[in-house]
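K.L.:
build the 3D model from these lines:
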Amino acid sequence: MKPLLIVLMITFCGINNSQAQSSLKVRLADNSPINVAVDGRYFNKRGTSVTVGDLPPGRHFVQIYAMTSNRRGRSREEIIYEGKVRTSDGIVSILTYDPESRNREITEMDFNTFKENRMPPYVNGTNDNVNQHNDYDNSGYNNNAVQPAPSVTGSLTEAKIDQLKTNVTTKKTDTEKATFLKNELKDEQITTSQVATMFDWFSFESSKEEFAEWAYSITVDKDAYGSLEAKFTYKNYQDDLIKFLKTKQ
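P.N.:
Residues are numbered from 1 along each chain as shown. Predicted coordinates for the structure are as follows:
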């Protein structure tokens, strides 16, 4: 009886330990290809993002490697980011790093939501290259679908949109981009579809959500504003937009 009890206890503990896992997804804001090392373990899985699964919850030391060129024009891999990221049981932590501004953003998502958002499988060293995992374009889920009524127009012409995009690309950080756009648009009237277009000019989802709240007052088709939810990858920012819109009802 005792050996059987011991076996049951070991099995039960093994199940608990196997369930106490977390995952980490690492990407750059500009979707450049990277390799990643976590806690000294190097994952040679170059892609626009790398997901490492089956991690014990807690702090992990993360290094991001990218290809750079030396003075002779030869490419070599070097570390562009080092830092610690805390992960939690049953949670996928998404680390987005912007090499230009050196800002990082960490978003958390439970495993089920991670899968529901059509994200790539979270397995050890997964190479989430968009050519292999086109999560939003070819899966029947159009993440960029924002279709307000065709008759809705604002004062902002397509020519002005193109000029704004050209000027925004000269800004290095999301903060600079937002400041520039707010100054240029303060006397304009824009559509929800145009706000969706401007979303693509930002690197971080937090910047998009903040800009959405600012742009609401100058948007002419406010009834369509809820469709911007589809422009966010992560559920917490979708929820923030919904909460904001409820305050405007």
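
K.L.:
where do the strands sit along the chain?
P.N.:
In the chain, the strands defined using DSSP state E lie at 22-28, 34-38, 41-47, 49-55, 58-69, 75-87, 91-98, 103-110, 126-127.

K.L.:
do you know which of the ones you listed lies nearest D162?
P.N.:
strand 91-98 (24.3 Å; C-beta to C-beta). Any C-beta I mention is one placed from the backbone N, CA and C, and that applies to glycine too.

K.L.:
ok, the closest one: who's next to it in the sheet?
P.N.:
Strand pairing for strand 91-98, determined by DSSP bridges: strand 22-28 (parallel), strand 103-110 (antiparallel).

K.L.:
that one: which residues count as buried?
P.N.:
I91, V92, S93, I94, L95, T96, Y97, D98 (16 or more other C-beta atoms under 10 Å).

K.L.:
mind giving me the domain split of the chain?
P.N.:
20-127, 158-247 (automatic domain parsing).

K.L.:
including mean pLDDT, could those domains go into JSON lines?
P.N.:
Formatted as JSON lines, the domains of the chain follow (pLDDT from 0 to 100):
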{"stretch": "domain 20-127", "mean pLDDT": "81"}
{"stretch": "domain 158-247", "mean pLDDT": "91"}
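
K.L.:
that older thread, dump the strands of the chain into a markdown table; add distance to E158 as well.
P.N.:
Shown next, in a markdown table, are the strands of the chain (distance: least, C-beta to C-beta, whole Å):
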| stretch | distance to E158 |
| --- | --- |
| strand 22-28 | 30 |
| strand 34-38 | 35 |
| strand 41-47 | 34 |
| strand 49-55 | 32 |
| strand 58-69 | 35 |
| strand 75-87 | 36 |
| strand 91-98 | 29 |
| strand 103-110 | 31 |
| strand 126-127 | 38 |
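
K.L.:
right, so of these, which gets closest to L156?
P.N.:
strand 91-98 (27.0 Å).

K.L.:
for stretch 175-187, which positions count as buried?
P.N.:
K177, A178, F180, L181, L185.

K.L.:
I meant to write stretch 217-234 there.
P.N.:
The neighbour-count check on stretch 217-234 (16+ other C-beta under 10 Å) flags 218-221, 224-225, 227-234 as buried.

K.L.:
now for Y237, how many residues are close by?
P.N.:
20 (other C-beta atoms under 10 Å).

K.L.:
contacts only, for it.
P.N.:
T107, E205, S206, K208, E209 (C-beta atoms under 8 Å, 6 or more residues apart in numbering).

K.L.:
got the buried residues of stretch 175-187 as JSON lines, with distance to R41 columns?
P.N.:
Listed next are the buried residues of stretch 175-187 as JSON lines, based on distance: C-beta to C-beta, whole Å:
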{"residue": "K177", "distance to R41": "36"}
{"residue": "A178", "distance to R41": "37"}
{"residue": "F180", "distance to R41": "41"}
{"residue": "L181", "distance to R41": "41"}
{"residue": "L185", "distance to R41": "46"}
